[in-house]
Structure formats: structure tokens, C-alpha cells
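S.K.: A predicted structure for the sequence below; I have some questions about it.
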There are 2 protein chains.
Amino acid sequence: MKKINIAVIGLGYVGLPLFEELRKYFNTFGFDKDQKKINFLKKKNKNKKNYYVTSNDYSVLNKVNLYIVTVPTPIKKNKSPDLSFIKSASVTIAKFMQKDDIVVYESTVYPGVTDNYCAPILEKYSKLKYNKDFYCAYSPERINPGDKNHTLRKIRKIVAANNPKTLNIVSSIYNKIIDAGIYKIKDIQIAEAAKVIENTQRDLNIAFVNELSIIFNKLGINTKKVIEAAGTKWNFSKFYPGLVGGHCIGIDPYYLSYIAKKNNYKSKIILAGRKLNEQMVNYIYSQFKNKLKLKKINLSKSNILIMGITFKENTDDFRNSKSIELFYKLKKESRIVHIFDPLVNLENMNNELKKYFISKPKKNFYDGILLTVPHKTFKNMGLQKIKSFQKKINIFFDIKNIFNSSKSDFTL
Amino acid sequence: MKKINIAVIGLGYVGLPLFEELRKYFNTFGFDKDQKKINFLKKKNKNKKNYYVTSNDYSVLNKVNLYIVTVPTPIKKNKSPDLSFIKSASVTIAKFMQKDDIVVYESTVYPGVTDNYCAPILEKYSKLKYNKDFYCAYSPERINPGDKNHTLRKIRKIVAANNPKTLNIVSSIYNKIIDAGIYKIKDIQIAEAAKVIENTQRDLNIAFVNELSIIFNKLGINTKKVIEAAGTKWNFSKFYPGLVGGHCIGIDPYYLSYIAKKNNYKSKIILAGRKLNEQMVNYIYSQFKNKLKLKKINLSKSNILIMGITFKENTDDFRNSKSIELFYKLKKESRIVHIFDPLVNLENMNNELKKYFISKPKKNFYDGILLTVPHKTFKNMGLQKIKSFQKKINIFFDIKNIFNSSKSDFTL
């Protein structure tokens, strides 16, 4: 292959670290539609050599011969796959693509998308022929937001292509930036399938422990202690109950069930897990109302504090957060709801939600506190401090059981 | 405590190894209702000192002060827990129990059985008072039949009791025979819950990959390769599709869903997994009929060979085996069905099934072969040898994908 010029399309939590690593070894351009993000990156990195990010300079794409697509693959309102970002990225690429170019997809998809959805788009807008004039590869992202141990270089990376030459070229590129090694696959669909089942397995296993939590709650048994005990068996996988939001675990199962349904199979296990996890917000909400009632606290006259609004702990990302869903439920029926989450950057927040944020909870003010996201900062804050925000008669939900369960009215 | 005399009640795959280890350190008696088994053990161990097993000598129970119950806890036809063995063991113990005695249960149960089911039986027939005159402990068995790496001494053992003194006594006894360490729990129900979720998690995860197998089969994707690929992610748990039989994984979920239902919760995830795994025999059977049809082989005129009849690989245990269920389905519609399983001891087999066993498959005889259980002996036999049993036009199902999948007509 001639000199490699790379474009990373989509500079989110997947594309950005990838771009940052690739540019150490290759001539690499970063693209993102979000002009604000591009401005921010440009400003932040203005003294770095060859730091090229843009939202509109398509002329550089003429130089590029390897495109890496790291755009989001969310779901639509009806829970079916939303491939619009992958489509528009593919259309753009196709317009600049030249003979022998390679397009690598990193986004989560269902098996068949690269070959049967993306490649035809690339063909249509480029007038080139797939597997003759240009080639595709699939290398699923495995970024775990908020995880400081499993960072890009330290996560083993799958690279898949349908022909050996493309597989070797793409693998050798990733090999420069991945210390944990490359796992080569000769069939793109195997890799697409592998990616989509990873998070689906997590979703299902969390649904399982959520169901256990519902059962054990009825029996007066602490679920966390049960899981710790079962975890002493060599082949038990420790998962803990909780709310499942974000853009991976709660999304990927719908990609898998979509392609199953397309092939006349209605998922039983996968969708059972999804359904249960979707219902956990209602479950927590109804438990909260019950506990208030037991202490004769009137929700409509109550001040409520939600601690943690992101989709998981130790991240500032609140997209598809279930805590937000819980917030809206509580807002409807209570007097005041405050949100306290020191990790969230309010600049990215819509105005409606923003006004409920407080930078410091009030003392002796709240009838109910729900600690929904176990940020380290809350753990460090300690139980005593958190309890100081409460009125004398109160309800405290330590959803993720980060403190002694005897000190809270409810844990999952 | 005075000198410890132990009785192990139930000498199956759980009780027997336990008895064998305990008698190295303690005065230990072994009980089993099965006179044939007792005769066999007596004969086999006749020169061993203090090797005392019996089916009817209850007089020794007067000397015993620590009882360990290792009887089966199966399910009834309606899938509800069958506690009859645990009941009859408890009744027997109660009749001989004296002040300060301890009863340890190892059988899988749902949370609450030791305290709310067993202890009342012990009280009733002994006229002694639980937690005053006598004590209970729960120490769930974790024996993995056919697993040569995880043997009794090498598996970490949970010991649970509701008071510290009993917990210490029982832990110190097990500590003698367990090299992997004791995990002490101060609440019996936590331990009961931990045990019943271990196999339930496995059942669900196997159901998940079984569902994947059904989906990927429709897409023409090899499930095993997908799982191998996903397994390169640090937090993916590798489970493989297959038939779930035996007396643990396929049973324990019903114990859990039973106690959930008793408490007005209808399990969604747990029973969804169970249901799918129960249906896998039908799925394989219908796939087999389809493939025969495609090759224009008439099932009613066919000779069929089932390789492997035990509930899992490398064991001689065929109780609750799903391969037997598959056999009966095939028997109804085909000309001849042979069973080939060199691991099974035909002495323990009922006469009806026995007559279908062959010690050596015929050459060029079978229209269809289903390799259902991946015994090492079948792997060692090799594909060529197995194929020599077949007619020229044939169907070969390598259910567990132990050979190259391109060489078989179907794998899960």
C-alpha cells in the first residue's frame, strides 16, 4: 500500500482517543460534525504539530486512503437501529474514495451491516466496486467510559476483513497503537456478531441480578452480600443490580433482536432482559413512594435530592441516563427536586434540566434522598455528610449499596 | 464441644467424597438408603480402617453429634421443589438428636428452607428447641461432576450459621478438608440464596448463547467462533450453547422461581432462560428433520446413531439427560436408533433403554448421526472414524461443534 493517510470520522469517546493515538504514527485527520467540539479541540491543542481536526474541510479527504468510522449507532424511538450517522458518514466517504481505499467501521452494528448496508452505500456514491476497487474492515470499539484500567492501548482489539490483504493492512495499523494485541478474524460478520453480544451479555446479566434484587428484597435478604458469597465460586460472574442507561449496554440488545426479528425469530432471553432493566426505574420509584408512605411523608410536599445523574459512575456522560428518567418521575409529584452531580459539566446540559442542578445540597432540607450513581466523590463524602442534608424524618435510598445497608431505607 | 462424631447422610456424588475426606480426620459414619450402593462401598473398601457405611444401622446415630445432610433436592413433575429427601433425612436425624447437636445441610434449597422448613421438622421429632438445644448450619455443595480440576478440597466452601459458636465449630471441621479456604457467613439465608443463584446464572447464560445460536444459525454465522471472538474482551464470560440436563443447572432455577412466586413475584428472566433451554431438544430435533428432508432421507426408514447419552461430557451420569429426551423423540419416528456411550455403566440403566445401547457402532450403517455429548473419547476417536459409521448419503450433527463445522450439517 502507498503512504497511509487516515481520517477518523466522529470524534466522540471512541473516535477521539483513537485519533490521538493514530496521529502519533500516521498522517491522521479528525472529523466531527459538531463545530463547537472542533473549536474546543483546536483551541486546546493549538500548539501540537499535525493536530488536524475539522468539521467541514472535505478537501483533505482527497488525500485519505484509510477511513475509520466511529460515529454513534443509537436506536430510534421505536427501539429499532438508527443507522443514519453511519449512512451519512459512508456517503461522505464515498464521494472522496479512490481505488484501493479501505473503510474501517468501529461502530456497533448487527451482523451484516458492513457488507450489506455500508458497502452498497459506498458503491452507490463512489461508483467503485466493493472487494474489487475498495475494501472494508470491521474493528469494533471496546472503550469503557470512566474505566481508567482498560484504556484504548490496553484493550485487545478485534480486526476483521473478508480478504487477507485488507486484514493484514488494517491489523498492522492498529497494531501500532494497541499494546494488548490484535485478534484477527477472516469474516466481518463474526466480528460484528461478537461486538453486539458483548454488551448484550452484560445487559442480560444485570437484568438477572436486578430480578434477584426484586426477589431478595421481598425475602429481606441483602442482594450484594449474596453476590459476594456466590462470587467465591470459581465460575460465578459478579454483576451488581442497577439502572442500565448510556449508549451501549442498553442499546446493543435492540440491534441484535432487530436482526433476529428480520429473520423471523422473536428474541426471548435478550428482550426479557431488556424489558426488566427498562422497568427498574419504575420499580425504584414505587419502592420510594411506599417507603415515604410508611413514614407518613407526603410526596407532594416533599423536597427530594437526587445524587448522581450520569448513566454510570465516575463519568460526566448523562446521555440516556436512567437517573434522568427517575428525576422526571419525581418532579411530577414532589414539591422540589434537586440534582446534585459535581461531575456533570452544565455547559452541555439543556436549559430545562439545568435549572434543577445545585452545586451544594442544603442542610436539613430534604425529605428524601436518592443516591443513584455511586461516584467516588459521593463515597468520599461519607454517609454522615449526606445524612446532614436530610430532615429528621426522611427516606434515604442508597440504590447501589455503597454504604452499610442498615443505614439506608433501600438498596438494590 | 465434646469429641466430634459425624454422620454423612446421603452418599451420592456430593456425600461420598465428603465422607471420604472427613473420615481421615474425624470419626465419621456414612449413610445411604441404597443397599446396593452400600454393599458396593463395603466390598470395595473392606480393608480400610474405620470405613463405616450403612443403610440401616441407626444405632450409631446415638453416638453422632454432627449430622451432614447431602441428599438430593430434585423437582416434582410440576417443577416445584421436591423436599421429600431432605424431610426424611431430617426426621431420621431428629429421632436420634441430642442436646447441643448440630445439623449441617449441604443440599441446594431456596432461601429459608433450613430455618423455616428443616428446623421445625427437627424440633417436632426431637422435642428439642432450635437455637437453644440444637443448631443448624448451611454449607452448600459445589461439586462439579466430571471436573478433575475443581475437586472437593480445591473448591472454596461457604459455611453459614446464625450464631457465631456454631459457625466456628462447623467452619473448623470443614477447614480440615478444604484447602481452598472457608467463606464464613453469619446468616444462613444469604448462603442458601448464594447457592441457588450460582447455577441459575449458568442456566441463564447458557440460554443466552442458545438463543444466539438459533439467531446466528439463521444468519449462517458460526456461534462458537463468535463466542471465541467476544471472549477476547476482558469482561466477557464464555459460555457455549448446548443441552442443559442433570440435577443442578436445570433444577436450581425452579427452586428460586418457586420462592419468588410464593412471595408474589413471577420470575421473568429466570424462567425465560429455563423455558428456552427446555426447548432446545425440540429445536435440535426439528433441525435434524429439516436437514434429512433436504437430502431426501426418509426418517421412518432411517438408522440413527446417538453418540453420548449422559447429561454432560466426561461423566457416566445420565439422570435428567436431555440426550435421552432426544432419543425418545427419534425412536418414535425412525426405523432404528442406537445409543453409543462408552462411559455409561449399563448396570445402572433401566431395561427399556439398555436394549438400545451398542458397544460398537456398525460401519456404513447410519443415515443420521447426532453427536450430542462431547466426551473426550469421541474427540480422540476422530472425525474419520465417526464418518465411517455413516451411509454415503447422511446427516451428521456435531451439536457441540467439537470438529470443524464445515464437516457437519449442524452445530449449535
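M.R.: It's in.
S.K.: any idea how far the residue of the stretch 301-412 of chain A at minimum distance from chain B lies from A:Lys225?
M.R.: At 11.9 Å from chain B, A:Ser405 is the closest residue in the stretch 301-412 of chain A, using Cβ to the nearest Cβ. The C-beta positions use only the backbone N, C-alpha and C, and glycine is treated the same way. A:Ser405 sits 8 Å away from A:Lys225, going by Cβ to Cβ, to the nearest Å.
S.K.: between those two, who's got more neighbours?
M.R.: Neighbours per residue, other Cβ atoms under 10 Å in any protein chain shown: of A:Ser405 and A:Lys225, the larger number sits with A:Lys225, 20 against 15.
S.K.: ok, now which ones touch the one residue in the stretch 201-350 of chain A that gets nearest to chain B?
M.R.: Closest contact between the stretch 201-350 of chain A and chain B, by Cβ to the nearest Cβ, is at A:Ala229 (3.6 Å). The contact partners of A:Ala229, taken as Cβ atoms under 8 Å, 6 or more residues apart in numbering or on different chains, are B:158, B:183, B:185, B:190-191, B:193-194.
S.K.: would you say A:Lys391 is within a helix?
M.R.: No. Under DSSP: H, G, I helix; E, B strand; the rest coil, A:Lys391 sits outside any helix and is assigned strand.
S.K.: can you pull the contacts of it?
M.R.: A:303, A:364-367.
S.K.: please redo it, this time with the cut-off set to 7 Å
M.R.: Residues in contact with A:Lys391 (Cβ atoms under 7 Å, 6 or more residues apart in numbering or on different chains) are A:364-367.
S.K.: for A:Glu211, same thing?
M.R.: The contact partners of A:Glu211, by Cβ under 7 Å, 6+ apart, come to A:276, B:267-270.
S.K.: where's it, which helix or strand?
M.R.: Secondary structure assignment for A:Glu211, by DSSP states H and E: helix A:188-219.
S.K.: Quickly note the distance from the residue of the stretch 201-350 of chain A closest to chain B to B:Val104.
M.R.: Plainly put, A:Ala229 is 17 Å away from B:Val104 if you go by Cβ to Cβ.
S.K.: what does A:Ser323 give?
M.R.: Between A:Ser323 and B:Val104 the distance is 44 Å, computed by Cβ to Cβ.
S.K.: Please apply the same query to A:Asp100.
M.R.: Distance, A:Asp100 to B:Val104, by Cβ to Cβ: 71 Å.
S.K.: So between the two, which is more surrounded?
M.R.: Higher neighbour count among A:Asp100 and B:Val104: B:Val104, with 26 against 14, using other Cβ under 10 Å.
S.K.: does that one count as helix, strand or coil?
M.R.: If you use three-state DSSP, then B:Val104 falls in the strand class.
S.K.: thinking in terms of the whole chain, how far from its middle is the worst-scoring helix or strand of chain A on mean pLDDT?
M.R.: When the helices and strands of chain A are scored by mean pLDDT, DSSP states H and E, helix A:351-354 comes last with a mean of 85. Helix A:351-354 has its C-alpha centroid displaced from the chain centroid by 22 Å (Cα atoms, centre = their mean, to the nearest Å).
S.K.: circling back: kindly reformat the contacts of A:Glu211 as CSV containing distance to B:Tyr67.
M.R.: Compiled in CSV, the contacts of A:Glu211 are given as follows (distance: Cβ to Cβ, whole Å):
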residue, distance to B:Tyr67
A:Leu276, 40
B:Ser267, 33
B:Lys268, 38
B:Ile269, 36
B:Ile270, 31
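S.K.: Would you mind checking the contacts of A:Ala229 for buried ones?
M.R.: Neighbour counting by 16 or more other Cβ atoms under 10 Å in any protein chain shown classes B:158, B:183, B:185, B:190-191, B:193-194 among the contacts of A:Ala229 as buried.
S.K.: For those, name the two members farthest from one another.
M.R.: B:Tyr183 and B:Ala193 (13.8 Å; Cβ to Cβ).
S.K.: Can you give the domain ranges for chain A?
M.R.: Split into domains by automatic domain parsing, chain A comes to A:5-186, A:219-407.
S.K.: tell me the pLDDT at the residue of chain A positioned farthest from its centre?
M.R.: In chain A, the greatest distance from the average C-alpha position (Cα atoms, centre = their mean) is reached by A:Lys296, at 38.8 Å. A:Lys296 is assigned a pLDDT of 95 by the prediction.
S.K.: Next, the angle from the helix holding A:Glu211 to helix B:188-219.
M.R.: Per axes from the mean of the first three to the mean of the last three Cα atoms, to 10 degrees, the angle that helix A:188-219 makes with helix B:188-219 is 150 degrees.
S.K.: what distance separates the start and the end of stretch A:229-244?
M.R.: 23 Å (Cα to Cα, to the nearest Å).
S.K.: Give me the distance from that stretch to the chain's centre.
M.R.: Distance, centroid of stretch A:229-244 to centroid of chain: 21 Å (Cα atoms, centre = their mean).
S.K.: now the nearest residue to A:Asn50 once chain neighbours are set aside: how far from B:His247?
M.R.: Nearest non-adjacent residue to A:Asn50, counting by Cβ to Cβ, 6 or more residues apart in numbering or on different chains: A:Arg23, 6.2 Å away. Distance, A:Arg23 to B:His247, using Cβ to Cβ: 58 Å.
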